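*Asks:* Generate coordinates for the sequence data below:
(one chain, ligands or ions: 3)
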Amino acid sequence: MIIRILGSAAGGGFPQWNCGCSNCRSVREGLGKATPRTQESVCLSADDGNWFLINASPDVRSQIESFDRLHPSKPRHSPIQAIFLTNGDLDHCLGLLSLRENQPIVVYATEPVRRGFTEGNVLYRTLQRFPGQITWRTLKLGEEETVLRADGTPSALTVKAVAVPGKLPVHLEDLTTINEEVNVGLRFREPTNGRMLAYLSTVGRITPAVHDALEGADCVLFDGTFWSSSELSAHGFLGKSAEELAHWPVGGQGGSLSALSNVRASRKVFIHINNTNPILREDSPERTIVEAAGWEVAFDGMEIRL
Ligand code: MLT
Ligand code: MN
Ligand code: ZN
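*Replies:* Ligands and ions are numbered 1, 2, ... in the order given. As a prediction, the model looks like this:
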């Protein structure tokens, strides 16, 4: 399995357009040890030919251009067989609207995530310009299924969606009710060699279900949004804790770094990193703590082979 990180930042990217925090300023000015990052998206393939996207970020166009394996091989073509959505947040879905150039696309999502994107959304009509422009395939919790290519034939991967504590997308708050299908982790497996990726980029709490979702994975890509609970409120950016935003902090007592110390995966990588997070700075004490615990910090262009 080849896993390529197309975008490693949380919503807003790094630097974020309206942010002048010390991280964003230093990366903008080329000072300090940190590199710019686009918004979270990953692609994977078992055969280096058929590629699957996890999340369609607002940066999807430049992300596809950034990786030659995703380029068309004919005048109208895409090696992207399907797109998986882990929740309905705009940083995961908005890119779908950018993929509107008369190319059929296939999207795997749970029912609430599909409805949240399609219902009452006049912009969605741009993906319905011809019959079959968009095909939705329903992710059912807890069922391992063969991932299908765009033409409906089996790929060399299976997927299992698992419920992970999360929250509603901001634009659906007060419009709909939360249930366990609004935020999922994805376990991708290659049956021929047993290799497995566990992908959990939004984790609101570390529960037994989260531990189960990571069990047996060779590679874990995990929510690295915030280092501390008060990261946004301490800066005066937002009066909400990391936990209230459904992103369990990495650092501190009970943070994911200590709560997941039993994870045995050979690659353990934090992704969806907010621009305020000190682990973005390669020379920060927090980065040293993460790396000493055997974890890595995802960057755009990172490639993992299992
Ligand atoms: C999140 O990760 O919590 C969301 O991307 C926030 C948002 O949509 O603004
Ligand atoms: Mn996000
Ligand atoms: Zn910032």
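
*Asks:* Could you tell me which residues of the stretch 51-200 of the chain lie near ligand 1?
*Replies:* For the stretch 51-200 of the chain, the residues found near ligand 1 under the criterion C-beta under 6 Å from any ligand atom are Asp89, Leu90, Asp91, Val170. All C-beta spots, glycine's among them, are computed from the backbone N, C-alpha and C.

*Asks:* Tell me which residue of the stretch 51-200 of the chain lies closest to ligand 3.
*Replies:* Taking C-beta to the ion as the measure, the point where the stretch 51-200 of the chain comes nearest ligand 3 is Asp91, at 15.0 Å.

*Asks:* wait, doesn't that residue sit right on Gln16?
*Replies:* No. Proximity of Asp91 to Gln16 does not meet the contact threshold set by C-beta atoms under 8 Å, at 11.2 Å.

*Asks:* So between the two, which is more surrounded?
*Replies:* Neighbour tally, Asp91 and Gln16, criterion other C-beta atoms under 10 Å: the higher count belongs to Asp91, 25 against 18.

*Asks:* a strand runs through the more buried one, doesn't it?
*Replies:* No. When DSSP: H, G, I helix; E, B strand; the rest coil is applied, Asp91 is found to be helix, with no strand at that position.

*Asks:* Thr110 contacts Ala161, correct?
*Replies:* Yes. Between Thr110 and Ala161 there is a contact under C-beta under 8 Å: 6.7 Å.

*Asks:* hey, what's in contact with both of these two?
*Replies:* Common neighbours of Thr110 and Ala161, counting by C-beta atoms under 8 Å, 6 or more residues apart in numbering, are Leu139, Lys140, Leu141, Val184.

*Asks:* tell me which of those is nearest to Ala156?
*Replies:* Nearest to Ala156 among the shared contacts of Thr110 and Ala161, counting by C-beta to C-beta, is Leu139 at 18.7 Å.

*Asks:* That closest one: neighbour count?
*Replies:* Per other C-beta under 10 Å, the neighbour tally for Leu139 reads 24.

*Asks:* what do you get for Phe117?
*Replies:* Neighbour count of Phe117, defined by other C-beta under 10 Å: 25.

*Asks:* Not counting sequence-adjacent ones, nearest residue to it?
*Replies:* In space, not counting the residues next to it along the chain, Phe117 is nearest to Cys93; the distance is 5.3 Å by C-beta to C-beta, 6 or more residues apart in numbering.

*Asks:* Now do the contacts for that neighbour.
*Replies:* Listed by C-beta under 8 Å, 6+ apart, the contact partners of Cys93 are Asn55, Ala56, Leu85, Val113, Phe117.

*Asks:* buried subset of these?
*Replies:* Neighbour-count burial (16 or more other C-beta atoms under 10 Å) applied to these gives Asn55, Ala56, Leu85, Val113, Phe117.

*Asks:* of all those, which comes closest to Ile206?
*Replies:* In terms of C-beta to C-beta, no member of the buried ones among the contacts of Cys93 lies closer to Ile206 than Asn55, at 21.4 Å.

*Asks:* Please report how far that closest one lies from Thr202.
*Replies:* Asn55 sits 10 Å away from Thr202, taking C-beta to C-beta, to the nearest Å as the criterion.

*Asks:* joint contacts of those two?
*Replies:* Contact criterion C-beta under 8 Å, 6+ apart; residues bridging Asn55 and Thr202 by contacting each: Thr86.

*Asks:* ok now stretch 148-159, how far from the chain's centre?
*Replies:* 20 Å (C-alpha atoms, centre = their mean, to the nearest Å).

*Asks:* So which residues make contact with that stretch?
*Replies:* By C-beta under 8 Å, 6+ apart, the residues outside stretch 148-159 that reach it are 1, 44, 46-47, 50, 52, 80-82, 84, 104, 106, 108, 137, 139, 144-147, 186-192.
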